[in-house]
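> I'll drop the sequence and a predicted model, then ask my questions.
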Amino acid sequence: MDWVPIVFVVFKLGVLCTGMFYAIKWHYDQGKKEKEKGKERRAVLRGAATVIVIFLVLLVGLGVVTYDVAKMFGLELTFP
């Protein structure tokens, strides 16, 4: 059983090194590309707005489901 941490650490280091290599390569390749900044900025803002809206909808949905489950189990939900 002494070999298990060694295998896991080696695997983790391999995965992290591979990820760092591809992250650096991707950023280097992106720096070489000459794109129009306006279109890129607009696409990033649209993507960020989409992620924020999806997060808020899921957050509200989680609140509603939590409230319904608490009511179903008969929990006290009133504030003093």
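Looks like it arrived, so ask away.
> ok now stretch 15-26, how far from the chain's centre?
Centroid separation for stretch 15-26 versus its chain: 18 Å, with C-alpha atoms, centre = their mean, to the nearest Å.
> in it, what's buried?
By 16 or more other C-beta atoms under 10 Å, stretch 15-26 has no buried positions at all. Heads up, the C-betas are built off the backbone N, CA and C, glycines and all.
> can you give me the helices in this structure?
Assigned by DSSP state H, the chain shows helices spanning 3-32, 37-72.
> just send the ones you listed back as JSON lines, with mean pLDDT too.
Below are the helices of the chain laid out as JSON lines (pLDDT from 0 to 100):
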{"stretch": "helix 3-32", "mean pLDDT": "90"}
{"stretch": "helix 37-72", "mean pLDDT": "91"}
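> would you turn these into CSV with distance to residue 79?
As requested, these are exported to CSV (distance: least, C-beta to C-beta, whole Å):
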stretch, distance to residue 79
helix 3-32, 46
helix 37-72, 14
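> for residue 78, find the nearest of the ones you listed.
helix 37-72 (11.5 Å; C-beta to C-beta).
> that closest one to helix 3-32, inter-axis angle?
Angle of helix 37-72 versus helix 3-32, following axes from the mean of the first three to the mean of the last three C-alpha atoms, to 10 degrees, is 140 degrees.
> so who does residue 77 touch?
67, 70-71 (C-beta atoms under 8 Å, 6 or more residues apart in numbering).
> let's see that with 6 Å instead.
residue 70 (C-beta atoms under 6 Å, 6 or more residues apart in numbering).
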